[in-house]
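Chemist: give the three-dimensional model of this entry:
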Amino acid sequence: MKKRLIGLFFITLCILVLNSTPNHLTLSEEELDKKVIQVLDSLWKEHGLLHYQIVKTDPTISIGINTSKDIAGLQSVLEKKLPKQALEDYEIEIFQRNKNDLNVE
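Modeler: Residues are numbered from 1 along each chain as shown. The predicted structure is shown next:
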């Protein structure tokens, strides 16, 4: 009987610990933004990013890329490199623009 109670106690303890762990893994808003910016900066040249913006009021990461670059490829890389929390908290918006049009404006 004692072994069952001890076993039940340890199982309950493990469940409580596992349920509380994700709360400690969430990043603060500042830390999350810093990680997102690091990822976007690292992809700047490789994926032809022209600009990006993190919008807080309507949680969006807005990214403009060169028309010669692949949106699907960038989306795939972002899903792999961005923190899971960023993918859950922000909508990612990618659009293409001609680099020459930006120089005119």
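Chemist: for the residue nearest the centre of the chain, which non-adjacent residue is closest in space?
Modeler: By Cα atoms, centre = their mean, the mean C-alpha position of the chain lies nearest to Ala86, the distance being 3.0 Å. If the residues on either side of it in the chain are set aside, Ala86 comes closest to Val36, at 5.2 Å by Cβ to Cβ, 6 or more residues apart in numbering. No exception for glycine: its C-beta is placed from N, CA and C like everyone else's.
Chemist: by contact count, what packs against the helix or strand that contains that neighbour?
Modeler: Element membership for Val36, per DSSP states H and E: helix 29-42. Packing partners of helix 29-42 (3 or more Cβ pairs under 8 Å, 6 or more residues apart in numbering; DSSP states H and E): strand 49-55, strand 60-66, helix 71-81, helix 84-89.
Chemist: now it: how far from the chain's centre is it?
Modeler: 8 Å (Cα atoms, centre = their mean, to the nearest Å).
Chemist: dump the C-alpha coordinates for it into PDB.
Modeler: Extracted C-alpha coordinates of helix 29-42, given in PDB (Å, rounded to 0.1, in the frame of the first residue of the first chain):
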ATOM      1  CA  GLU A  29       8.300  40.800 -25.200                       C
ATOM      2  CA  GLU A  30      11.800  42.400 -25.400                       C
ATOM      3  CA  GLU A  31      13.600  39.100 -25.600                       C
ATOM      4  CA  LEU A  32      11.300  37.800 -28.200                       C
ATOM      5  CA  ASP A  33      11.700  40.900 -30.300                       C
ATOM      6  CA  LYS A  34      15.500  40.700 -30.000                       C
ATOM      7  CA  LYS A  35      15.400  37.100 -31.300                       C
ATOM      8  CA  VAL A  36      13.100  37.900 -34.200                       C
ATOM      9  CA  ILE A  37      15.300  40.800 -35.200                       C
ATOM     10  CA  GLN A  38      18.400  38.600 -35.100                       C
ATOM     11  CA  VAL A  39      16.700  36.000 -37.300                       C
ATOM     12  CA  LEU A  40      15.500  38.700 -39.800                       C
ATOM     13  CA  ASP A  41      18.900  40.300 -39.900                       C
ATOM     14  CA  SER A  42      20.600  37.000 -40.600                       C
END
